[in-house]
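*Asks:* Below are the sequence and a predicted model for it; my questions follow.
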Amino acid sequence: MDSTIPAILIGLVLVAVLALMLRSWRARTRRDAALAAGYPFPGPEPADAMLATAEAFYVATTREGRQLERLNIRGLGFRARALVTVTEAGVLLDLVGENPVFVPMTAVIGLEDATWTIDRAVETGGLLVLRWRLQPQADAAGQVVDSYFRILDPTDRARVSASIRTEAAGATHPAAHDESEA
């Protein structure tokens, strides 16, 4: 039996599937082109303002509550190794091969544990989800997104989580800090 015709058909099907995948990714890129990745970085922080840092695997950024809808935001479109740094001003996401993305504490909405997101499933609570608001656009308020990380060192994960929760609570309720200082 001649295997040339089946091999050619399989090759054509594979090329068609790859073309459809490329077309879909380009459509997603156009759809998400207006979404800004993070906020302007306020500048170098003094060493004592750094609260926690951890090496992590960045998994994805999705729309809030839609774990299967990856956003193609510049700087956050692909999985990568990352350094997550928490300062008093915000969270700095430094993905290998990308420009750092800064999320101010005033944009942080919450922090949760997760078990899965698009193309990644781990043990219960193995992913850390940073929920934050994108920069507002001229025509609409900022969208809420979820950024997923896998921090392997439990000590670093605890430090990063505690720092984000503490600083985000202070950023959303600044009066509570002022009253305690008076």
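*Replies:* Arrived safely, thanks for sending.

*Asks:* Endpoint to endpoint, stretch 90-99 covers what distance?
*Replies:* End-to-end span of stretch 90-99 (CA to CA, to the nearest Å): 16 Å.

*Asks:* Tell me which residues of that stretch come out buried.
*Replies:* By neighbour count with 16 or more other CB atoms under 10 Å, stretch 90-99 contains the buried residues 90, 91, 92, 93, 94, 95, 98. All C-beta spots, glycine's among them, are computed from the backbone N, C-alpha and C.

*Asks:* Where does the prediction get shaky in the protein?
*Replies:* Applying pLDDT under 70 to the chain flags the ranges 1, 33-34, 43-48, 137-141, 171-182.

*Asks:* Need the residue closest to the centroid of it.
*Replies:* Centroid-nearest residue in the chain: residue 147, 2.8 Å away (criterion: CA atoms, centre = their mean).

*Asks:* And that residue, which helix or strand is it part of?
*Replies:* If you go by DSSP states H and E, residue 147 is part of strand 144-151.

*Asks:* Identify each buried residue in that strand, please.
*Replies:* Buried residues in strand 144-151 (16+ other CB under 10 Å): 145, 146, 147, 148, 149, 150, 151.

*Asks:* and it, what other elements does it pack with?
*Replies:* strand 50-63, strand 80-87, strand 127-133 (3 or more CB pairs under 8 Å, 6 or more residues apart in numbering; DSSP states H and E).

*Asks:* any residues touching the second one, and which ones?
*Replies:* What it means is strand 80-87. Identification of contacts with strand 80-87 by CB atoms under 8 Å, 6 or more residues apart in numbering yields 45, 49-58, 91-98, 149, 151, 160, 163-164, 167.

*Asks:* same thing but at 7 Å, please
*Replies:* Residues outside strand 80-87 that contact it (CB atoms under 7 Å, 6 or more residues apart in numbering) are 45, 49-58, 91-98, 149, 160, 163-164, 167.

*Asks:* Tell me where the protein has helices.
*Replies:* Using DSSP state H, the helices found in the chain span residues 4-32, 154-172, 174-181.

*Asks:* Quickly compare those and say which is most buried.
*Replies:* Comparing those on average neighbours per residue, with mean count of other CB atoms under 10 Å, the densest one is helix 154-172 at a mean of 17.

*Asks:* Would you mind getting the angle between it and strand 50-63?
*Replies:* Angle of helix 154-172 versus strand 50-63, following axes from the mean of the first three to the mean of the last three CA atoms, to 10 degrees, is 80 degrees.

*Asks:* Quick one: list the elements packing against helix 154-172.
*Replies:* strand 50-63, strand 80-87, strand 108-114 (3 or more CB pairs under 7 Å, 6 or more residues apart in numbering; DSSP states H and E).
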